[in-house]
Every structure is written in C-alpha cells, then in structure tokens.
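*Asks:* after the sequence you'll find the predicted model.
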Amino acid sequence: MSFEQLHRETAAKLDDAVDKICSQLVVEKEQLKTMTEGFIEAMENGLNHPNSSEVNSSTTPSPNSAGLSMLPSFVTGLPNGTERGILLACELGTMHFRICSVELLGDHTFQLRHVKSHLPQEVIEEDTASSDKLFSFMARRTYAFIKRAHPEVLDPHAGVSMKMGFTFTYPVEQTSLNEGILIRWTKNVQIKDTVGRDVVQLFQDQLDSQGLERIRIVALTNDTVGTFLSLCYSSGSSMSSLATGEVVEPVIGCIIGTGTNGCYMESTENIGKLQPELRERLIREGKTKMCVNTEWGSFDNELKYIPTTKYDTLIDQKFSSNPGFHLFEKRISALYLGEILRNILLDLYQQGLILTQYRTERSLPHRLKTPFELGCQVLAHIEIDDSTNLRETELTLLQSLRLPTTPQERYAIQKIVRAISRRSAYLAAVPIAAILMKTGALTKRYHGEVEVGCDGSIAEYYPGYRSMLRHALALSPIGTEGERKVHLRIAKDGSGVGSALCALVA
Ligand code: BGC
C-alpha cells in the first residue's frame, strides 16, 4: 500500500471513530424528558430522606440511592434590594480563598472590596493537606485584609465587631444558619480530616486564635444560595414593573463552573427531612419557604438516566477523587470537560488514529499524559475557531499542551470539543427545567417570567454555552413556550454579596 493510500485509510478511520464518539455524546429530546422526570423524582426523594448515611459513608462511599441531597439552607426569606449595611463575606473555592467587605447600599447596588488568594499547594495537596493548615491559612488572610480594610476591629478598646457570611462551595449538612457538617469534598479536593466536622467552628477557632474574636461567622451559605440571594437583591425578590410590563421572579441560583449545582425556594412543609417540631415551628413563625441546595452534581449516581461513555467511567473510577459521586457534575463542569477530551485523544492515539508522529505513549507531551492538565479554556478557544485550517486551534494546542497537529486532526478535535460542550449544556438544562416544573414557576402568574441567576466560568465565558442550554430547555418538557419565559442572568461574584446578605439577617 502506498503512503498516500495508507494516509487516506487512517484519515477515514479517524473520521469514523470520531463520528462514533460524538454520537455517544448526543443527548436526544426523549432523554431530556426522562432525565427531567427522573430529576423531579430524585428531588422529591431527597426532600424526604435524611443525609446521615452520606455523612457516615465518607470513608467508604456508597452512592446515595435515595436521590438528591436536597440540603436545607436555613435561609427562609429573600432580600428585595432595600437592605443596607457593611458586612464581611468570604468564600472558599476550589483553588482560592476570597475575603470581601461588602457595603449594601439599599438600592439594589453594593460596593465591594476584596482580596483573592490562591490556596498554596501544601494547603490542598493530598499528602500535606489538613483542616488546620487550610483554616489557619484562611484566618491569616482574613487578618491581613482586616488590618487594611477594617483596622478598628483589631482595636480592643474600640469595641467594634463585625458579622461575616461564609460561602462554602462543597456539600454541607446544615442544622442551622451558622453550622454545617462537611459531607464530602468534591472537585478533586481531598482533606480527609475535615469530613464530618463543622466547617464554621473550624474556621471560627482559627479566627479566634488570630485575635479576630470580634469577627463572628453568623451565616454559612453554599455558593448557589449566595448567587440566588444576590440575584434577588439586585433585581428584587419579586419584581413586577408596570413601566416595562414585565413580571419577573427569581427562581433558581446556579453555578456552572469548576463544579455545578443549583438551589431554589421550597415550601417548608415539603421538606420532610426537617425534624417535625422544627418544621412546624418554622411554619408557625411564618417561615413557609426555605432555600434548598439541591447538590445537583450528584444527580443519578446510580446511572439510571444520564448518558455514560467509557471515558466518563474511566475519569470517575481512575482519575477523580470521589469515585461513584457527583457523576452528573463529571459530565457538565469545567474541571471535567478538558479531562474528557484528554481521554478521548489518548484513546484515539492508542488506536493509531491520531498524533501518529509520537511512536510511544511515553513520548506524548507531558500535559496530555497528566490527568486534569487540559483546561476548559483550551476547549473554549477550539469551540469558536473558524480560521483557515483551524490555525487558532493549532496555536492553542501548541501553547497549552505543546502539541503539534495536522489540519485533519484539528477538525476532528473541534468536532469532539463541540460534542462535549453540547452534551454539558444539554445536561445542565435538565435540573433547570425540572425545578421550574416542580415549583410551577412558569404558570404561577399571568405571563409570569422567571430568572435563573448563574455564576461560574462556563456559564459566564464558554462561547455559545448559554444558547445551547436554551436550546435544550426548549426541547425539554417546558417546551419553547416555557423556554421563552426564562431569563438567564449572570450573577457575577454573586456568592460574596449573597453571603453578606445572609449575615445581615442572621
Ligand atoms: C459542590 C457544590 C457547589 C458546586 C459549585 C460542587 O462540586 O458539591 O456544593 O455548589 O460544586 O461550586
């Protein structure tokens, strides 16, 4: 066989293999329907089942077959934009800690000063990480910030104290607004001695030992809850405007970034997992609604509904730090999209269909061989490349992975990237459609429209993502009519403002 024939044959095989992979990533209309129904059922199960089994299963995890976590947040009221005050807020994200001073101006706006610090390796790396190291790092960063932004708090004679809201971006079981036991780490963070402990207490102890006793953590919020509250603050929790003729109600707060998750207001009486006396007391006090953190990243850990390729299984079992958990998140969020692409490329390489200039797997570029080294921003660049021969993609792959490619390989990679991101957006539409249906939000008012507040790198920056998500919403059981009533709003940095709001009312 001549070289040309061989080349043509390999090219045709590559096309076939890529088409096969992409077809496995397609989410059909029918699947959207079954997943949405399954999601509603999982919400109902989760509202009525305690999470204690999950807490205990932290060392030997077994997926929660009862459904979603559906964690009560103890947030029972929503801001309307008139709130005023100066508060502290902080957020522990996957790679960062952020401390903010928030001034709520009472007119739907706020002023925010903040310092964001990267978490040092020894604080998060599995071998060296510990709760003490993490929370004392956070307390030291807080001290440095307070010294500049609010020195009066450090003066023992001034008698000034400040309330702080703490945004925590991992699942915790709350027993009140300022108490939360870590159920498990997600997003590849692994600090074993934090699971099963109260993260507010751990942080407050470290603040106290830094001499920051006058800062009191009064509220703990998941990032989705913070995003939702900040959306309510900036648009008004139930906005109805005669001037614009619009009636818009904030219904969901969600994150589509490194991880993914969402929250919404549920009737207190439907939250069967709350102790009956507590539930009755809340209802008596007029707290008839509570924000529930669904922890939707863990939807369908039993794999009854969500599409699964061999790459998803490999990533979950071999490379992720929480195998068997957060399987939905592992098909949607930024941490995993690049990893899916990396595993597909390795598979095609092993079949001799791509990157054939590398004779052995060992000689492949380091970043292609290393789990989680292919970042989602690489996919974002490739997604929108329309340059001749995909020159932009060539540069991106060279810069980020040191990977030279042929035009044919690049077209194949782009096709895969688009299939991965589309699957992510279609799956992300499922919980949104399900919550809108379960709450009846789309039919509550005459011509009522709804707002979904989103934060996170994918929701905000991934090209075309929100329009793919809308497309999937239109195909979902809410249909085109429902989709038209949905406003997706970016609630940038929402969680900081949200936890300050929470601290204000605590
Ligand atoms: C966590 C959620 C969080 C989401 C977005 C997930 O991995 O379990 O608690 O809201 O990431 O940050």
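*Replies:* That came in fine, so what should we check first? The structure displayed is predicted, hence computed values, not measured ones.

*Asks:* going forward, measure contacts between C-alpha atoms and count neighbours the same way
*Replies:* Noted.

*Asks:* so residue 312 touches residue 341, yeah?
*Replies:* No: using CA atoms under 8 Å, residue 312 is not in contact with residue 341; the gap is 10.5 Å.

*Asks:* need the helix or strand of the protein with the lowest average pLDDT.
*Replies:* Least confident helix or strand of the chain, by mean pLDDT, DSSP states H and E, is helix 52-56 with a mean of 40.

*Asks:* after that helix comes which helix or strand?
*Replies:* Once the chain leaves helix 52-56, the next helix or strand it forms, by DSSP states H and E, is strand 71-72.

*Asks:* is the ligand within reach of that next one?
*Replies:* No: shown here: strand 71-72 not in contact with the ligand (CA under 6 Å from any ligand atom), separated by at least 9.8 Å.

*Asks:* how far off centre is the helix or strand following that strand?
*Replies:* Per DSSP H and E, the first helix or strand lying C-terminal to strand 71-72 is strand 84-92. Mean-position distance between strand 84-92 and its chain equals 21 Å (CA atoms, centre = their mean, to the nearest Å).

*Asks:* same check on stretch 108-123?
*Replies:* Its chain's C-alpha centre and that of stretch 108-123 lie 17 Å apart, by CA atoms, centre = their mean.

*Asks:* can you give me the end-to-end distance of that stretch?
*Replies:* End-to-end distance of stretch 108-123 (CA to CA, to the nearest Å): 37 Å.

*Asks:* got it, and stretch 164-181?
*Replies:* End-to-end distance of stretch 164-181 (CA to CA): 18 Å.

*Asks:* and if you look at stretch 106-122?
*Replies:* Terminal residues of stretch 106-122 lie 41 Å apart, using CA to CA.

*Asks:* the residue in the stretch 51-200 of the chain positioned nearest to the ligand: how many residues sit nearby?
*Replies:* Of all residues in the stretch 51-200 of the chain, residue 170 sits closest to the ligand, at 3.5 Å by CA to the nearest ligand atom. Neighbours of residue 170 under the rule other CA atoms under 10 Å: 21.

*Asks:* change the start of the numbering to 41 and stick with it
*Replies:* That works, and once the first residue is 41, the last one we named lands at residue 210.

*Asks:* go ahead and confirm it touches residue 230.
*Replies:* No: at 11.5 Å, residue 210 does not count as touching residue 230 under the criterion of CA under 8 Å.

*Asks:* ok so, going back, secondary structure class for the residue of the stretch 91-240 of the chain closest to the ligand?
*Replies:* coil (DSSP: H, G, I helix; E, B strand; the rest coil).

*Asks:* for it, what are its contacts?
*Replies:* Contacts for residue 210 (CA atoms under 8 Å, 6 or more residues apart in numbering) come out as 222, 224, 225, 226, 262.

*Asks:* in ChimeraX, how would I select the buried members of these?
*Replies:* This is how ChimeraX selects the buried members of these, with burial counted by 16 or more other CA atoms under 10 Å:
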select :222,224,225,226,262
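
*Asks:* tell me, which of the contacts of residue 210 make contact with the ligand?
*Replies:* Within the contacts of residue 210, those near the ligand by CA under 6 Å from any ligand atom are 226, 262.

*Asks:* inside strands: which ones of the contacts of residue 210?
*Replies:* Secondary structure from DSSP state E places 222, 262 of the contacts of residue 210 in strands.

*Asks:* which one among the contacts of residue 210 gets closest to residue 385?
*Replies:* Closest approach to residue 385 among the contacts of residue 210 (CA to CA): residue 226, at 25.3 Å.

*Asks:* tell me the helices and strands packed up against the longest helix along the chain.
*Replies:* Among the elements of the chain assigned as helix by DSSP state H, the one spanning the most residues is helix 447-479. In terms of contacts (3 or more CA pairs under 8 Å, 6 or more residues apart in numbering; DSSP states H and E), helix 447-479 is packed against helix 43-64, helix 69-88, strand 286-296, helix 369-372, helix 374-390, helix 416-423, helix 505-515.

*Asks:* next, the angle from the helix or strand just after that helix to helix 447-479.
*Replies:* Downstream of helix 447-479, the first helix or strand assigned by DSSP H and E is strand 489-495. Strand 489-495 and helix 447-479 meet at an angle of 130 degrees, taking axes from the mean of the first three to the mean of the last three CA atoms, to 10 degrees as the criterion.
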